[in-house]
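J.: Predicted model and sequence follow; I will ask about them next.
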Amino acid sequence: MVGKSTRSVHEESPEDQKGSVVPPIYETSTFSFPKAEEVPKAVHGESPRYVYTRWDNPTLARLEAKMAAFEGAEAAAFFSSGMAAISTSVLSFVKEGDHVVATRDLYGEAHKLMAEVLPRFGVETSLVDTVDLREMESAVRRSTKVVYIESPANPTLRLVDIRRAAKIAHLRGALLLIDGTFASPINQQPLRLGADVVLHSATKYINGHADVVAGAASGSEEKIAAIKMMRRTLGGSLDPHAAWLVMRGMKTMALRVRAQNENAMALAECLSKHKKVRKVNYPGLKSHPQHSLAMKQMSGFGGVLSFEIEGDARAAARVVNRLRLASIAASLGGVETLVSLPFVLSHHQVSDEEKRRSGIPESLIRVAVGVEDADDLIQDFGRALSST
């Protein structure tokens with residue numbers, strides 16, 4: 001078993017690489033056949049030939065093999081965005097009359113999918129407490145086909161006990177799908193803990209350079225085959241050039257995530273001692289209510305933290321406005337530090353009542369830590385807080 005950095009850098013040689021250190025991009029929409037008789041076999045998956053890039057592509061296939069190796073999965077599928085990965089995967093396993101259980105702490109668009117979109121198609125959804133799995137256990141029923149969780153959650157950094165959630169789902173014959181974006185494949189291996197499909201916004205840590213929008217799903221051959229058939233129908237496939245960029249970004253994923261883990265821990269510890277900070281959410285802190293769970297199911301605590309300041313929304317805005325190194329922007333996982341106010345950005349479509357119920361006050365600031373020097377980040381945040 002090779003290490004994470006070695007796996008990030010090295011890839012198996014493709015059959016037609018011809019010695020190139022960098023893999024080629026198959027920037028083509030379609031593939032030709034030497035004879036008409038070969039088409040039916042390719043269409044039905046009975047030959048290795050490619051047909052159409054919306055279905056599959058050699059560059060995409062290479063990226064998916066690399067992703068599967070990282071997740072300890074049999075197969076993986078990539079998409080044009082994280083939400084394409086989430087929605088396509090969920091829709092692959094439900095139909096009218098089915099039931100989905102999801103944790104309440106979800107990314108805003110995922111929350112909308114569960115609370116508003118699925119019910120429009122006759123799929124009932126129950127949102128349950130993220131931490132107390134007794135509520136999840138009570139909500140799962142015979143018609144439940146999917147249990148959907150996010151751990152760590154955005155932006156509260158709450159955790160779900162993945163192993164226990166998998167047992168709850170499987171006891172009723174349901175699948176456990178998890179969005180593991182905040183952890184990355186470097187810090188967390190949900191499939192080894194019993195999850196059936198692990199999802200990522202590959203825009204974030206997997207690509208890591210804020211220049212691609214992509215999503216990924218990993219799991220068994222059977223589950224991913226079903227997801228890929230739905231992807232073919234819904235059309236959310238990843239472009240070959242974007243796939244190549246993600247593959248390039250993965251070469252430094254282990255290095256980047258390691259640096260982000262260290263920076264986030266240093267910043268979280270500093271902020272937790274600041275007199276103008278009411279609360280810091282970061283699973284690496286001993287003060288985090290689920291720190292012991294993080295120690296069990298994560299090998300690193302990630303590069304995202306959030307903190308509440310003493311004051312209101314205007315005070316929070318003043319802090320982010322005074323930062324010099326951190327940019328105000330959505331997303332995370334890139335080499336640069338980004339900050340956002342979740343109340344008005346990532347969760348703007350969630351009702352104010354639901355946001356407060358989920359622990360997302362107006363004074364909450366989310367920090368997606370980059371790979372800058374930790375001392376510089378600490379100084380920048382200290383100066384911004386001190387001037388409020």
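T.: Happy to help now that I have it.
J.: Run a quick neighbour tally on residue 138.
T.: Counted by other Cβ atoms under 10 Å, the residues lying close to residue 138 total 12. All C-beta spots, glycine's among them, are computed from the backbone N, C-alpha and C.
J.: Show the pLDDT at it.
T.: You'll see residue 138 listed with a pLDDT of 98.
J.: now it: how far from residue 129?
T.: Noted for residue 138: a distance of 10 Å to residue 129, by Cβ to Cβ, to the nearest Å.
J.: Correct me if wrong: residue 207 contacts residue 249.
T.: Yes - if you go by Cβ atoms under 8 Å, residue 207 and residue 249 touch, sitting 3.9 Å apart.
J.: quick one: which helix or strand includes the closest residue to residue 51 other than its chain neighbours?
T.: Spatial nearest neighbour of residue 51, chain neighbours left out: residue 42 (5.2 Å); criterion: Cβ to Cβ, 6 or more residues apart in numbering. Per DSSP states H and E, residue 42 falls inside helix 39-43.
J.: ok, now residue 321?
T.: Secondary structure from DSSP H and E places residue 321 in helix 313-322.
J.: quick one: strands adjacent to the next helix or strand after that helix?
T.: Sequence order places strand 327-328 as the next helix or strand after helix 313-322, per DSSP H and E. With DSSP bridges as the test, strand 327-328 is paired with strand 338-340 (parallel).
J.: Next, the residues that contact the strand it pairs with from outside, please.
T.: For strand 338-340, the external contacting residues (Cβ atoms under 8 Å, 6 or more residues apart in numbering) are 155, 320, 323, 326-332, 346, 365-368, 370.
J.: before we move on, what about stretch 32-45?
T.: By Cβ under 8 Å, 6+ apart, the list of residues contacting stretch 32-45 reads 46-47, 49-51.
J.: ok, now with 6 Å
T.: With Cβ atoms under 6 Å, 6 or more residues apart in numbering as the test, stretch 32-45 has contacts from 47, 49, 51.
J.: What about those, which are in strands?
T.: Among the contacts of stretch 32-45, no residue falls in strands (DSSP state E).
J.: closest to residue 195 among those?
T.: residue 51 (31.2 Å; Cβ to Cβ).
J.: Go ahead and list the helix or strand containing the closest residue to residue 324 other than its chain neighbours.
T.: Nearest residue to residue 324, sequence neighbours excluded (Cβ to Cβ, 6+ apart): residue 380, at 5.6 Å. Element membership of residue 380 [criterion: DSSP H and E] is helix 374-386.
J.: how close does the residue nearest to residue 51 sit to residue 323?
T.: Distance, residue 42 to residue 323, using Cβ to Cβ: 53 Å.
J.: for residue 291, same thing?
T.: 27 Å.
J.: Could you check which of the two is surrounded by more residues?
T.: Neighbours per residue, other Cβ under 10 Å: of residue 291 and residue 323, the larger number sits with residue 323, 19 against 16.
J.: Check what pLDDT the nearest residue to the more buried one once chain neighbours are set aside gets.
T.: The shortest distance from residue 323 to any non-neighbouring residue, by Cβ to Cβ, 6+ apart, is to residue 384 (4.9 Å). pLDDT, residue 384: 96.
J.: give me every residue that touches residue 384.
T.: Neighbouring residues of residue 384 by Cβ under 6 Å, 6+ apart: 319, 322-323.
J.: go with 8 Å
T.: 319-320, 322-323.
J.: how about a markdown table for the residues you listed, with distance to residue 245 added?
T.: Listed next are those as a markdown table, based on distance: Cβ to Cβ, whole Å:
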| residue | distance to residue 245 |
| --- | --- |
| 319 | 33 |
| 320 | 29 |
| 322 | 33 |
| 323 | 28 |
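J.: Now do the phi/psi pair for residue 117.
T.: In this entry, residue 117 is assigned phi and psi values of phi -80, psi -50 (degrees, to the nearest 10).
J.: The closest residue to it other than its chain neighbours is in what secondary structure piece?
T.: Nearest residue to residue 117, sequence neighbours excluded (Cβ to Cβ, 6+ apart): residue 87, at 7.7 Å. Applying DSSP H and E as the criterion places residue 87 in helix 82-91.
J.: What is the helix or strand following that helix packed up against?
T.: Per DSSP H and E, the first helix or strand lying C-terminal to helix 82-91 is strand 99-103. Secondary-structure packing of strand 99-103 (3 or more Cβ pairs under 8 Å, 6 or more residues apart in numbering; DSSP states H and E): strand 124-128, helix 133-139, strand 144-150.
J.: What's the first helix or strand after strand 99-103?
T.: Moving toward the C-terminus from strand 99-103, the next helix or strand (DSSP H and E) is helix 108-112.
J.: packing partners for that next one?
T.: Using 3+ Cβ pairs under 8 Å, 6+ apart, the elements in contact with helix 108-112 are helix 82-91.
J.: Can you check what angle separates the helix it packs on from strand 124-128?
T.: 120 degrees (axes from the mean of the first three to the mean of the last three Cα atoms, to 10 degrees).
J.: domains for this structure, by residue range?
T.: The record's domain parsing of the chain by automatic domain parsing lists 4-250, 253-386.
J.: Now do the first one: distance from first to last residue.
T.: End-to-end span of domain 4-250 (Cα to Cα, to the nearest Å): 11 Å.
J.: Could you list the buried residues of the helix holding residue 321?
T.: 316-317, 319-320 (16 or more other Cβ atoms under 10 Å).
J.: Now do the contacts for residue 121.
T.: Neighbour list for residue 121: residue 96 [criterion: Cβ under 8 Å, 6+ apart].
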